[in-house]
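**Q** this is a predicted model, with the sequence first.
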Amino acid sequence: MKIVRACIYPKDIQSITGKSERYGRALLSKIKTYFGKQPHQFVTVQEFAEYSGISQQIINDYLQKVS
């Protein structure tokens, strides 16, 4: 059984986009606002994929490689 991470973190966004970790934190904040989440709630891989336009499969493949 494959274990797939549900949440995405600034370091993941940094590695996927090639931008800084600070950019990743800012982007997560924008995604939370977009989806109407509270600051303490997590952003899922699915939400990140929908917001960024990057395929969820590409993100999951990347997260499995770095795990």
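**A** Alright, I've got the coordinates. Bear in mind that the values here come from a model prediction, so they are computed numbers and not experimental data.
**Q** ramachandran angles for the residue most central in space within the chain?
**A** Among the residues of the chain, residue 8 comes closest to the average C-alpha position under C-alpha atoms, centre = their mean, at 3.6 Å. According to degrees, to the nearest 10, the main-chain angles of residue 8 amount to phi -120, psi 150.
**Q** just checking, it touches residue 43?
**A** Yes - taking C-beta atoms under 8 Å as the contact criterion, residue 8 and residue 43 are neighbours in contact, 5.7 Å apart. C-beta: built from backbone N, CA, C; applies to glycine.
**Q** overlap in contacts, these two.
**A** With C-beta atoms under 8 Å, 6 or more residues apart in numbering applied, the overlap between the contact sets of residue 8 and residue 43 consists of residue 28.
**Q** which parts of the chain are helices?
**A** Secondary structure of the chain, counting by DSSP state H: helices at 10-17, 21-34, 45-52, 56-66.
**Q** next, format those helices as TSV and append mean neighbour count, distance to residue 4 and mean pLDDT.
**A** As requested, the helices of the chain are arranged in TSV below (neighbours: other C-beta atoms under 10 Å; distance: least, C-beta to C-beta, whole Å; pLDDT from 0 to 100):
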stretch	mean neighbour count	distance to residue 4	mean pLDDT
helix 10-17	17	13	95
helix 21-34	15	19	97
helix 45-52	16	8	97
helix 56-66	13	6	91
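**Q** tell me which of those lies nearest to residue 3.
**A** The stretch from the helices of the chain with the least distance to residue 3 (C-beta to C-beta) is helix 56-66; that distance is 8.7 Å.
**Q** that closest one: how far from the chain's middle?
**A** 10 Å (C-alpha atoms, centre = their mean, to the nearest Å).
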